[in-house]
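In: Test case, fold it:
(chains A and B, ligands or ions: 1)
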Amino acid sequence: MTCQPDVNKYYALALDPIHVGTGGMRLGRVDMSIVREPGTNVPKIPGTSLSGAARTYAAMQEEGKFPHCAGQGQADTGRGYQGHCGRPDCPICVTFGFSKGDQGSFQGLAQFSDARLVFFPVHSLAGPVWVTCPDALKDLEIPGAEPEDHQVRVASGVKASGRLNLGWLMLDVASNDFALQDQVPNVPQDILKHAVLVSNKMFGHIVNDNLEVRTSVSIDPATGAAAERALFTYEALPRASVLYFEVVVSDPQFYKIGDKAPLQNNGGKQKVIKTVEKGLTLFESLGVGGMNTRGMGRLRVLNLSAGGAE
Amino acid sequence: MSTQNLDQLCAKFGWNIADEVHQAIGKNAENHITKSLGVLQEDGVYAFFLYQASRGQREKPGAGKLRDQARELLKEAGIKGFEHAGEPLAAVREYLASDLDQLLLAKRLLEQALIYARYHAKALE
Ligand SMILES: [Zn+2]
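Out: Predicted coordinates for the structure are as follows:
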């Protein structure tokens, strides 16, 4: 008997602009910038944000688990919050981990990767196109020859010959045979037919030049009116961006909580996967990241019923 | 050319920009710098210089200072077309637009300097 963790792969489509903030630890054009990959400067959604939201939404759908198993672990008797239950039969605590101070903690059997950007929508002379690059596709195990920095390879639906602009940048169309239709079955065909492959270097430039930037006012909670001088700007991944992430699920039979194998009589590994997916289902209505009340953050996970594509 | 710390160059010009634009248009400085940065990021280097040329009475004195500092930054960084620091719009049209690497570097340098300038300008208010 050996431990073979399941690697579940998920695609997600942004139904709204998505803002997962850096907490102000970054200088930028905007007051509130979003999290980026250090090496490439490409925006991402950290795995911690995904698992945090999935935990809360899964707990909401599990009898008797909300709010105590949803949030932070430590009990706060002053606020009547009991903290994580930490029981070996609790699908939330087993899936996402728990922390009960000196009474021990458990890492959780579902490990979320960061969600990385795969297809990014940009306007062009040929209408909206979705930009990607070899590094982004490598995650999906799709090989692709990298174009030169000044070139693009376009899919059949992109009506462009000679040159194509991506935002303000004009690039040469090297070929129109960039076909992904069969390789990423979960992503809408309309996006794949309008896919454009650029070099890894250009991907970061194009994405950063075409992020959504909005201005908003903060509301003074005391008066309910716009606070004085409280105009602030923020950036977001635009609607119709496609991201990819993985959830690695370990088999409960290899672990112990107290002296019991977790979820022994409560579904085992399948229960862990189901719990993750229950949480992910609500991303579509409740969203991830900040400013959900301003029409931001809804994300449709595209291949849930499949239990994640292999 | 000897090694050059590009961030230091951006820091220097970021400060110059904030200082001069603030002297020229006072409390509108941060707003003008932020909008210029937005134009640069979304529409590119040419649009950025064109934006400076197109400002109305209130912002014009600051826009002129910003244009001059931006041109000097690109000159000191050795960007193609800016060696003699003539008219920046012509330099972009005639040289930069045809060299993708130089264009991206110029844009990146201007972005960084304007980001610093934006925060300096906030502090000057
Ligand atoms: Zn629990």
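In: Next one: the residue most central in space within chain B, what pLDDT does it get?
Out: Nearest residue to the geometric centre of chain B (Cα atoms, centre = their mean): B:Ala70, 3.2 Å. We have a pLDDT of 97 for B:Ala70.
In: Would you tell me whether the helix ranked longest in chain B gets close to chain A?
Out: When chain B is parsed with DSSP state H, its longest helix is helix B:100-124. Yes - interface with chain A: helix B:100-124 contributes B:100-101, B:104, B:111, B:114-116, B:118-119 (Cβ under 8 Å from any Cβ of the partner chain). Every residue, glycine included, has its C-beta placed from N, CA and C.
In: Tell me where the chain has helices.
Out: By default, I'm working from chain A. Under DSSP H, chain A gives helices at A:47-60, A:91-96, A:134-138, A:189-193, A:200-209, A:268-281, A:283-286.
In: wrong one, I was asking about chain B
Out: Secondary structure of chain B (DSSP H): helices located at B:6-25, B:29-43, B:45-53, B:60-76, B:88-94, B:100-124.
In: Minimum distance to chain B: which of the helices of chain A has it?
Out: Proximity to chain B (Cβ to the nearest Cβ) singles out helix A:200-209 among the helices of chain A, at 5.5 Å.
In: what's the angle between that closest one and helix B:29-43?
Out: Relative orientation of helix A:200-209 versus helix B:29-43 (axes from the mean of the first three to the mean of the last three Cα atoms, to 10 degrees): 130 degrees.
In: between helix A:200-209 and helix B:100-124, how many degrees?
Out: Using the same axes, to 10 degrees: helix A:200-209 against helix B:100-124 is 40 degrees.
In: Check which helices and strands helix A:200-209 sits against.
Out: strand A:115-124, strand A:127-132, helix A:134-138, strand A:169-175, helix B:29-43 (3 or more Cβ pairs under 8 Å, 6 or more residues apart in numbering or on different chains; DSSP states H and E).
In: Apply 6 Å and report the result again.
Out: Counting contacts by 3 or more Cβ pairs under 6 Å, 6 or more residues apart in numbering or on different chains; DSSP states H and E, helix A:200-209 is packed against no other helix or strand.
In: Can you tell me which of the helices of chain A is most buried?
Out: helix A:91-96 (a mean of 28; mean count of other Cβ atoms under 10 Å in any protein chain shown).
In: Just give the nearest non-adjacent residue to A:Gly268, would you?
Out: A:Pro252 (5.3 Å; Cβ to Cβ, 6 or more residues apart in numbering or on different chains).
In: which one of the helices of chain B lies closest to the ion?
Out: In terms of Cβ to the ion, the element of these nearest to the ion is helix B:100-124, at 44.4 Å.
In: Is it correct that B:Ala106 is in contact with B:Ile79?
Out: Yes - using Cβ atoms under 6 Å, B:Ala106 is in contact with B:Ile79, at 4.8 Å.
In: before we move on, the earlier item: could you list every residue that touches the residue nearest to the centre of chain B?
Out: B:Ala70 is in contact with B:Leu110, counting by Cβ atoms under 6 Å, 6 or more residues apart in numbering or on different chains.
In: where are the low-confidence patches of chain B?
Out: Low-confidence segments of chain B (pLDDT under 70): B:1-3, B:85.
In: now swap in chain A and tell me
Out: Ranges of chain A meeting pLDDT under 70: A:1, A:218-230, A:306-310.
In: Quick one: name the residues of it near chain B.
Out: Residues of chain A found near chain B (Cβ under 6 Å from any Cβ of the partner chain) are A:27, A:29, A:149-150, A:168, A:209.
In: which among those gets closest to A:Val198?
Out: A:Asp149 (8.1 Å; Cβ to Cβ).
In: Disregarding residues adjacent in the polypeptide, which is nearest to that closest one?
Out: A:Asp149's closest residue in space is A:Ser199 (Cβ to Cβ, 6+ apart), at 4.9 Å.
In: for the one you found, what are its contacts?
Out: Counted by Cβ under 6 Å, 6+ apart, A:Ser199 has contacts A:146-147, A:149.
In: give me that answer again for 7 Å
Out: A:133, A:146-149 (Cβ atoms under 7 Å, 6 or more residues apart in numbering or on different chains).
In: In the residues you listed, find the pair that's most separated.
Out: A:Cys133 and A:Glu148 (12.6 Å).
In: who's more crowded, those two?
Out: For A:Cys133 and A:Glu148, the more surrounded residue by other Cβ atoms under 10 Å in any protein chain shown is A:Cys133, and the numbers stand at 26 against 13.
In: Could you check how far the closest residue to the more buried one other than its chain neighbours is from A:Cys3?
Out: Excluding its sequence neighbours, the residue lying closest to A:Cys133 (Cβ to Cβ, 6+ apart) is A:Phe203, at 3.7 Å. Between A:Phe203 and A:Cys3 the computed distance is 36 Å (Cβ to Cβ, to the nearest Å).
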